[in-house]
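>>> Fold the stuff below for me.
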Amino acid sequence: MNNKGMSLVYVWDAYCGWCYGFSDSLKAFHASHPELKLTVLSGGLFIGSKKSSIGSYPHIPEANKRIHKLTGAEFGEKYEKLLEEGSFVLDSEAAARGLSALKYFAPDKAYKLASEMQIKFYVEGKSLSSEKTYLEIARNNSLDADAVINRFNSNISAKDAYNEFEQVQALGINSFPTLLLKKGDELIPLGGGVMTNEKLEIRLNEAM
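Below you'll find the predicted structure:
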């Protein structure tokens, strides 16, 4: 398969349960195609008026059950406690700033870092607005933790986050997760959600 000049664009949100469910499929797919650079863009699911407590979204528990049933994704006990208590604030801007800070220092690990963020939240019940979460991820990946935190707290990371939200809007994408194949100037949807690695391979072959 000739993949020269092609790359992948992944549009996600750190607080999107379906993105968490899609993570194993994308990991396997990406591992099979290391020649395809993967760019991760944050979509801004919970910003502005949508930034609110997790209890303000009563559909989430049932959605999680569907995600588990269809993808096998496991939700940790500490996350379940956050969900039950209901006051935890879903803030996609803070999460996008966090990913921006992390991937600035390790752009080649962008998806690995994004995946670790979701494990911190959906398994360990940790906030993606907290410096401590990014300290742990930075240290786990041998990054300069202090530099990551300084960037996370800077206006630069906020600007980066909103630039990504605008890029996603310009692409006309409002459903997460969405995986795209960049082929020259063309962006071809490969899928997302409950798609398996095998189905992604089929879509890639069709796109070729």
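>>> residue ranges for the strands of the chain, please.
Assigned by DSSP state E, the chain shows strands spanning 6-12, 37-42, 52-53, 89-90, 178-183, 186-191.
>>> Of these, which is nearest Phe165?
Of all these, it is strand 37-42 that lies closest to Phe165, at 6.9 Å by Cβ to Cβ. Glycine gets a C-beta too; all of them are placed from N, C-alpha and C.
>>> Okay, now the unreliable bits of the protein?
Low-confidence segments of the chain, defined by pLDDT under 70: 1-3.
>>> Could you dump the strands of the chain into CSV and include distance to Tyr162 and mean neighbour count?
CSV is the format used below for those (distance: least, Cβ to Cβ, whole Å; neighbours: other Cβ atoms under 10 Å):
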stretch, distance to Tyr162, mean neighbour count
strand 6-12, 15, 22
strand 37-42, 10, 20
strand 52-53, 19, 12
strand 89-90, 17, 20
strand 178-183, 19, 20
strand 186-191, 21, 16
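>>> Go through stretch 68-77 and flag the buried ones.
By neighbour count on 16 or more other Cβ atoms under 10 Å, the buried set for stretch 68-77 is 71, 73, 75-76.
>>> gap between Ser87 and Lys81?
11 Å (Cβ to Cβ, to the nearest Å).
>>> Can you check which residues contact both of the two?
In terms of Cβ atoms under 8 Å, 6 or more residues apart in numbering, Ser87 and Lys81 are not both contacted by any residue.
>>> Phi and psi next, for Ser130.
For Ser130, the backbone dihedrals (degrees, to the nearest 10) come out as phi -100, psi 130.
>>> and it, how many neighbours?
14 (other Cβ atoms under 10 Å).
>>> again, but for the one 4 residues further on
By the measure other Cβ under 10 Å, the count of residues near Tyr134 is 26.
>>> wait, doesn't it sit right on Ala147?
No. Tyr134 lies out of contact with Ala147 (Cβ atoms under 8 Å); the separation is 10.8 Å.
>>> among the buried residues of stretch 68-77, which are in helices?
Thr71 (DSSP state H).
>>> mind putting the buried residues of stretch 68-77 in JSON lines, distance to Leu36 included?
Below are the buried residues of stretch 68-77 laid out as JSON lines (distance: Cβ to Cβ, whole Å):
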{"residue": "Thr71", "distance to Leu36": "22"}
{"residue": "Ala73", "distance to Leu36": "24"}
{"residue": "Phe75", "distance to Leu36": "30"}
{"residue": "Gly76", "distance to Leu36": "31"}
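>>> List just the nearest of the buried residues of stretch 68-77 to Lys199.
Distances from Lys199 to the buried residues of stretch 68-77, taken by Cβ to Cβ, are shortest for Thr71, at 12.4 Å.
>>> Could you pull up the contacting residues of that closest one?
21-22, 24-25, 194.
>>> 7 Å - rerun?
By Cβ atoms under 7 Å, 6 or more residues apart in numbering, the contact list for Thr71 reads 21-22, 194.
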